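*Asks:* My questions are about this predicted structure, shown below with the sequence.
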Amino acid sequence: MFAEKLSKLLGGMLRPKPRYITMAVSPSAEPAQALPPDTMPRHVAIIMDGNGRWATNRGLPRSAGHAAGVEALRDIIRASDDWGVQCLTIYAFSTENWARSKEEVSALMGLLLKYFASEIDELDEKHVRILILGDVDGLPEAQRDAVCRAMERTKDNTGLKLNIALNYGGRAELVRAAKALADQVKAGELEPEAIDAAALEAQLYTAGQPDVDLLIRTSGELRLSNFLPWQTAYAEMVFDRTLWPDFDRACYLKALREYASRSRRFGGVEPKKATEDEHG
Ligand code: FPP
């Protein structure tokens with residue numbers, strides 16, 4: 001027994017360094033998981049869809065689907081951190097989601113509070129920086145306080161950038177950016193001729209971050225639903241039929257492999273590497 005353990009330990013120490021990122025995956029994932037580091041997306045955005053159907057399929061209330069969705073999210077954040085994704089943006093609550101029943105909105109808001117209370121220590125320890133994309137002022141007071149505290153606590157962290165789209169709408173984000181530029185022009189701080197893509201980008205919630213490389217939507221729906229219209233202009237899209245609570249590391253890895261196999265041309269004709277930083 002002892003000899004077996006010792007030989008395993010020595011074997012581990014003597015093993016040569018892998019040329020590829022080797023990913024620790026859940027037991028449900030296939031065994032040979034490796035992706036060349038230069039094919040990893042810098043920015044992944046996820047529309048976590050299908051919580052309601054997941055719950056309905058089980059005869060449970062929709063809120064149970066959202067609770068299960070938080071469990072799935074926890075592991076996808078860990079995986080993003082483990083695998084060296086720079087930015088992960090998740091669609092947690094859209095400006096349109098207020099139209100859901102009072103019970104469902106209240107369940108989602110409750111989950112949000114629970115999430116920050118239970119996860120913030122681990123996220124901070126892992127140097128994750130939390131940024132909220134959306135109208136924070138439009139959130140109920142308790143949620144507003146919780147997200148502001150999380151942003152403040154993690155603002156100097158240099159690890160994974162975790163963008164949580166909350167009370168977010170893509171068109172509203174663009175309107176907000178246009179207004180900010182108009183205010184600068186009005187104040188004499190900006191010439192209208194100086195307005196270009198970089199100037200507008202600087203007014204987005206995601207200012208300074210790379211564009212989305214890979215957008216994943218679960219549950220088989222094939223639309224963007226007002227999510228990051230500017231940032232996804234050249235994103236590769238992966239639509240997975242899995243309902244969000246069932247989306248695990250194996251599904252994530254499959255999406256990353258799909259991304260790695262794509263040839264990105266950014267409107268040009270020459271194939272470019274998946275993560276090249278030149279947007280033509
Ligand atoms: C879409 O599924 C999902 C949402 C509107 C909410 C997503 C939220 C979470 C996963 C948890 C909350 C997040 C945090 C950060 C605590 P749906 O309800 O539209 O599913 P359906 O299309 O099957 O009805």
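*Replies:* Looks like it came in fine.

*Asks:* Would you quantify the distance from the residue of the chain found nearest the ligand to D137?
*Replies:* The chain approaches the ligand most closely through G52 (2.5 Å), counting by CB to the nearest ligand atom. All C-beta atoms are positioned from the backbone trio N, CA, C, and that covers glycine. Here G52 is placed at a distance of 28 Å from D137 (CB to CB, to the nearest Å).

*Asks:* cool, W244 as well?
*Replies:* W244 sits 28 Å away from D137, taking CB to CB as the criterion.

*Asks:* I'd like the distance between the nearest residue to D137 once chain neighbours are set aside and G138.
*Replies:* Closest residue to D137 apart from its sequence neighbours, by CB to CB, 6 or more residues apart in numbering: R144 at 7.1 Å. Separation of R144 from G138 (CB to CB): 9 Å.

*Asks:* got it, and L35?
*Replies:* 39 Å.

*Asks:* neighbour-wise, which of these two wins?
*Replies:* Comparing L35 with G138 by other CB atoms under 10 Å, the one with more neighbours is L35, at 18 against 12.

*Asks:* Bridged to the more buried one, which residues?
*Replies:* Beta-bridge partners recorded for L35 (DSSP bridges): I21.

*Asks:* next one: the one 10 residues further on
*Replies:* According to DSSP bridges, T89, L215 are recorded as the beta-bridge partners of A45.

*Asks:* now the host helix or strand of E122: mean pLDDT?
*Replies:* In the assignment (DSSP states H and E), E122 maps to helix 102-125. For helix 102-125, mean pLDDT is 97.

*Asks:* what's next to the helix or strand following that helix, contact-wise?
*Replies:* Where DSSP H and E defines the elements, the next helix or strand beyond helix 102-125 is strand 129-133. By CB atoms under 8 Å, 6 or more residues apart in numbering, the surrounding residues in contact with strand 129-133 are 89, 123, 147, 150-151, 154-166, 168, 173, 205-206.

*Asks:* which ones among these are found in helices?
*Replies:* The members of the contacts of strand 129-133 that map onto helices under DSSP state H are 123, 147, 150-151, 154, 173.

*Asks:* Go through those residues and name the one nearest I47.
*Replies:* E173 (15.4 Å; CB to CB).

*Asks:* circling back: between W244 and D137, which one's more packed in?
*Replies:* For W244 and D137, the more surrounded residue by other CB under 10 Å is W244, and the numbers stand at 27 against 7.

*Asks:* who are the neighbours in contact with G134?
*Replies:* 93, 95, 165-169, 173, 205.

*Asks:* Revised request: answer the last question for G138.
*Replies:* Listed by CB under 8 Å, 6+ apart, the contact set of G138 reads N167.

*Asks:* Next one: the residue nearest to R62 when sequence neighbours are not counted relative to L60, how far apart?
*Replies:* Once flanking residues are discounted, R62 sits nearest to G52: 4.6 Å by CB to CB, 6+ apart. Here G52 is placed at a distance of 10 Å from L60 (CB to CB).

*Asks:* got the residues of the stretch 151-280 of the chain near the ligand?
*Replies:* 164, 219, 244 (CB under 6 Å from any ligand atom).

*Asks:* Return the subset of these lying in strands.
*Replies:* Per DSSP state E, strands hold the following members of those: I164.

*Asks:* Turn the residues of the stretch 151-280 of the chain next to the ligand into TSV, including pLDDT.
*Replies:* Supplementary listing: those in TSV, determined by pLDDT from 0 to 100:
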residue	pLDDT
I164	98
S219	98
W244	98
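
*Asks:* would you turn the residues of the stretch 151-280 of the chain next to the ligand into a markdown table with distance to R264?
*Replies:* Putting those into a markdown table (distance: CB to CB, whole Å) gives the following:
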| residue | distance to R264 |
| --- | --- |
| I164 | 26 |
| S219 | 25 |
| W244 | 26 |
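
*Asks:* Let me know the closest of the residues of the stretch 151-280 of the chain next to the ligand to I195.
*Replies:* I164 (28.8 Å).

*Asks:* Report the buried residues of stretch 69-87.
*Replies:* By neighbour count on 16 or more other CB atoms under 10 Å, the buried set for stretch 69-87 is 69-70, 72-73, 76-83, 85-87.
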